[in-house]
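Undergrad: Output the structure for:
(one chain, ligands or ions: 2)
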Amino acid sequence: MAQILTLARFESGLTSGTRESVNFSQLVEEIAAEGNFEAQALGKSVSLDAAASVILANADPHALRSACENIVRNAIRFSPPGGNVEVNLTVRRESEQRVLLSVRDCGPGVPDEHLKTIFQPFFRFNHSQKAGEGNGLGLAIASEAVRLNGGSIKASNLVEVDFPIREVSETNSQIVQR
Ligand SMILES: Nc1ncnc2c1ncn2[C@@H]1O[C@H](COP(=O)(O)OP(=O)(O)O)[C@@H](O)[C@H]1O
Ligand SMILES: [Mg+2]
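TA: Ligands and ions are numbered 1, 2, ... in the order given. Prediction:
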């Protein structure tokens, strides 16, 4: 019963119906600052690395805020004592210009087989019982809000390695191919 009530709230609370230009950089800055304030009380921190001002057109500011808050709060909750949550905002210039928000914590992560299911309503993984509050709706709300704003969301436990390159020469690529 409690779950049915929460689901009704979940569905009605998803969108405020407002559509406007949203300064996404500013929104993320506020969320990171508020998150850092909450994290400090737990001996943790939230840091932000943000690109220049990014404006989203025709966006729902309330839905976006709740989506990003949910993601940052999860990251704080699952961070070990002393842990820092890294929030990053990067502009990607690929086929179309997009902005990438990434939130990284140094907590236990999510087992690979659950990386998609964590976005389903009420899904909570065992270890989260220990981590206190929550109803398993946070990421379901976040993914719906992101989708309604034309975005996409995914979770990964990722190790990435890349190096700056000074130049790529024909000769080198031939050596690599040998
Ligand atoms: N940063 C994270 N680190 C580890 N597990 C996470 C993280 N964020 C989410 N999860 C997992 O995904 C589940 C669903 O998240 P969410 O929908 O926000 O629900 P809730 O926060 O209420 O548990 C969590 O219970 C947890 O198992
Ligand atoms: Mg949550």
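Undergrad: Just the helices from this protein, written as ranges.
TA: 2-12, 24-40, 61-78, 127-130, 138-148, 170-177 (DSSP state H).
Undergrad: hey, least reliable of those helices by pLDDT?
TA: Out of the helices of the chain, helix 170-177 stands lowest, with a mean of 49 (criterion: mean pLDDT).
Undergrad: how about the residues of the protein that lie near ligand 1?
TA: Residues of the chain that fall close to ligand 1, judged by Cβ under 6 Å from any ligand atom: 70, 74-75, 78, 105, 107-110, 118, 123-125, 128, 134-140. Every residue, glycine included, has its C-beta placed from N, CA and C.
Undergrad: buried subset of those residues?
TA: By neighbour count, with 16 or more other Cβ atoms under 10 Å, the residues of the chain next to ligand 1 hold 70, 74-75, 78, 105, 107, 110, 118, 128, 136-140 as buried.
Undergrad: Can you tell me which of those is nearest ligand 2?
TA: Ligand 2 lies nearest to Gly138 out of these, by Cβ to the ion, at 2.6 Å.
Undergrad: Can you name the residues that contact that closest one?
TA: Contacts for Gly138 (Cβ atoms under 8 Å, 6 or more residues apart in numbering) come out as 70-71, 73-74.
Undergrad: Now distance to Asp49 too, for the residues you listed, in CSV please.
TA: Listed next are the contacts of Gly138 as CSV, based on distance: Cβ to Cβ, whole Å:
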residue, distance to Asp49
Asn70, 20
Ile71, 16
Arg73, 19
Asn74, 19
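Undergrad: Going by distance to ligand 1, which of those residues wins?
TA: Comparing those against ligand 1 with Cβ to the nearest ligand atom places Asn74 closest, at 3.4 Å.
Undergrad: Can you tell me how far that closest one is from Gly35?
TA: Noted for Asn74: a distance of 11 Å to Gly35, by Cβ to Cβ, to the nearest Å.
Undergrad: And for Arg92?
TA: Arg92 is 23 Å from Gly35, where distance means Cβ to Cβ.
Undergrad: Likewise for Pro81?
TA: Taken as Cβ to Cβ, the span from Pro81 to Gly35 is 16 Å.
Undergrad: quick one: is stretch 55-67 near ligand 2?
TA: No - using Cβ under 5 Å from the ion, stretch 55-67 stays clear of ligand 2, coming no nearer than 10.7 Å.
Undergrad: Now do stretch 92-101: distance from first to last residue.
TA: Terminal residues of stretch 92-101 are spaced 10 Å apart (Cα to Cα, to the nearest Å).
Undergrad: can you list the residues that contact it?
TA: Under Cβ under 8 Å, 6+ apart, the answer for stretch 92-101 is 24, 28, 51, 54, 56, 68, 87-91.
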